[in-house]
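[1] Have a look at this fold, sequence not included:
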């Protein structure tokens, strides 16, 4: 399972190869998107302003879809909250804040968002390689990075979405935890909690990692463990803002119910089959619910399998995020939720030591990435 003793840690050549994989995956996404908008029948989610005929502008606009608009409303107008209507309060503040900061140097909001997302995508690719190289061979670690980069909805990592930032922060937090730099791990974990709602959950696996490094001997616990409290502090800061601004510390949580329905926080996702048959053929050229359901079941299976292959802290994190994602009642967003759970890809990378398995995973991911990129570029539903 682990790399042989004496195996060199991440080297410059390996990191360059990971960066090259990142570049190739982004080129593939752009090329497929351009081909799709010129050849496919446009779907109902293609805004009139999406394509101008100017290649540079069209690349930018290809990355502004669905929730991107909500993030941009925060950047431009700040937060709003109406208890009876969908509001942008459900989107956590770090990503739009970062976009706003880039705006001070004169970059358009869309360009700033795309720049942040792509830099963070490159960053998490490199950090994931470095993290997994602490336990596994370079080939295993590169395989995991590749699987993330060609995951069927990895175009969200290059869009105006917070997924890249969140994955960069969580992987980096675990990396510094493994290096016993608990202050850095806590700061990065706290920033992750300010990026997406489930971010605070990283506190539990980080605390487990701390105790595991201390061999679960409470006598070895030191004051540096307090740095991990910075993780929930990120969520508490956003709660304090919501209380001060709207008089409701849990406004973001309450509004999720408006977005996803009255059972959004009650494991609505267990009602898989009612969701399964709810799709208009106008939204996608084929029944996407087959993909959503298989993703959900696969993610659950892989998260439990990760206990066999990975450090327990990683596996705990995977299980927590998988079940939290499905508790939100959005099976159609399952693939995007899974894209940021790095232990799933680490587990697949171990299974991918078998060449047949590796070829099957790589081929399936590339085909689906091309298909889904074409769909979102041409205006079909892909959350």
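    In hand now; what should we look at? Computed from a predicted model, the values in this text were never measured in an experiment.
[2] hey, where'd the strands end up in the stretch 51-200 of the chain?
    Counting by DSSP state E, counting those that start in this stretch, one finds no strands in the stretch 51-200 of the chain.
[3] where do the helices sit along it?
    Assigned helices in the stretch 51-200 of the chain, in chain order: 55-62, 68-77, 94-103, 109-132, 138-149, 163-178, 182-193 (criterion: DSSP state H, counting those that start in this stretch).
[4] Okay, angle between the fourth one and helix 182-193 too, please.
    For the pair helix 109-132 and helix 182-193, the angle between their directions (axes from the mean of the first three to the mean of the last three C-alpha atoms, to 10 degrees) equals 140 degrees.
[5] Low-confidence ranges, the stretch 251-383 of the chain, go.
    Residue ranges of the stretch 251-383 of the chain with pLDDT under 70: 261-287, 328-330, 383.
[6] Please repeat the previous calculation with a cut-off of 50.
    263-277 (pLDDT under 50).
[7] likewise the stretch 101-250 of the chain?
    For the stretch 101-250 of the chain, not a single residue meets the criterion pLDDT under 50.
[8] now do 80
    Counting by pLDDT under 80, the low-confidence segments of the stretch 101-250 of the chain come to 103.
[9] With mean neighbour count and distance to residue 336 as extra columns, can I get the helices of the stretch 51-200 of the chain in TSV?
    (C-beta placed from N, C-alpha, C; glycine too.) Shown next, in TSV, are the helices of the stretch 51-200 of the chain (neighbours: other C-beta atoms under 10 Å; distance: least, C-beta to C-beta, whole Å):
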stretch	mean neighbour count	distance to residue 336
helix 55-62	15	17
helix 68-77	17	13
helix 94-103	19	14
helix 109-132	22	13
helix 138-149	24	13
helix 163-178	26	7
helix 182-193	25	16
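[10] and those helices as CSV, adding distance to residue 248?
    Converted to CSV, those look like this (distance: least, C-beta to C-beta, whole Å):
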stretch, distance to residue 248
helix 55-62, 35
helix 68-77, 17
helix 94-103, 20
helix 109-132, 27
helix 138-149, 36
helix 163-178, 24
helix 182-193, 19
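[11] so which of those helices gets nearest residue 88?
    helix 68-77 (4.8 Å; C-beta to C-beta).
[12] what helices or strands is the helix or strand containing residue 232 leaning on?
    Taking DSSP states H and E as the criterion, residue 232 maps to helix 230-246. For helix 230-246, the elements it packs on are helix 182-193, helix 203-213, helix 251-260, judged by 3 or more C-beta pairs under 8 Å, 6 or more residues apart in numbering; DSSP states H and E.
[13] What residues of it count as buried?
    Within helix 230-246, the residues scored as buried using 16 or more other C-beta atoms under 10 Å are 230-235, 238-239, 241-242, 246.
[14] can you redo those as TSV with distance to residue 257?
    Shown next, in TSV, are the buried residues of helix 230-246 (distance: C-beta to C-beta, whole Å):
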residue	distance to residue 257
230	29
231	25
232	22
233	25
234	22
235	18
238	18
239	17
241	20
242	15
246	15
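[15] Any idea which residue is closest to the centre of the protein?
    Taking C-alpha atoms, centre = their mean as the criterion, residue 340 is the residue nearest the geometric centre of the chain, at 2.9 Å.
[16] wouldn't that one be in contact with residue 169 here?
    No. Counting by C-beta atoms under 8 Å, residue 340 sits too far from residue 169 to count as a contact (10.0 Å).
[17] ok, residue 370 - contacts?
    By C-beta atoms under 8 Å, 6 or more residues apart in numbering, the residues touching residue 370 are 28, 32.
[18] try it again with 6 Å
    residue 32 (C-beta atoms under 6 Å, 6 or more residues apart in numbering).
[19] Report the separation between it and residue 89.
    35 Å (C-beta to C-beta, to the nearest Å).
[20] what do you get for residue 154?
    Residue 154 sits 27 Å away from residue 89, going by C-beta to C-beta.
[21] repeat for residue 260
    Separation of residue 260 from residue 89 (C-beta to C-beta) stands at 14 Å.
[22] before we move on, what about residue 172?
    For residue 172 relative to residue 89 (C-beta to C-beta), the value is 27 Å.
[23] So which of the helices of the stretch 51-200 of the chain is nearest residue 253?
    The nearest among the helices of the stretch 51-200 of the chain, by C-beta to C-beta, is helix 182-193 at 13.6 Å.
[24] Kindly calculate the angle that the closest one makes with helix 203-213.
    Here the directions of helix 182-193 and helix 203-213 differ by 160 degrees (the same axes, to 10 degrees).
[25] quick one: contacts of helix 182-193?
    In contact with helix 182-193 (C-beta under 6 Å, 6+ apart) are residues 94, 166, 169-170, 172-173, 176-177, 199-200, 202, 206, 224, 227-228, 230-231, 233-235.
[26] and what of stretch 241-248?
    Outside stretch 241-248, the residues touching it (C-beta under 6 Å, 6+ apart) are 81, 249, 251.
[27] related to what we said a few turns ago, out of the helices of the stretch 51-200 of the chain, the one nearest residue 364 is which?
    helix 138-149 (10.5 Å).
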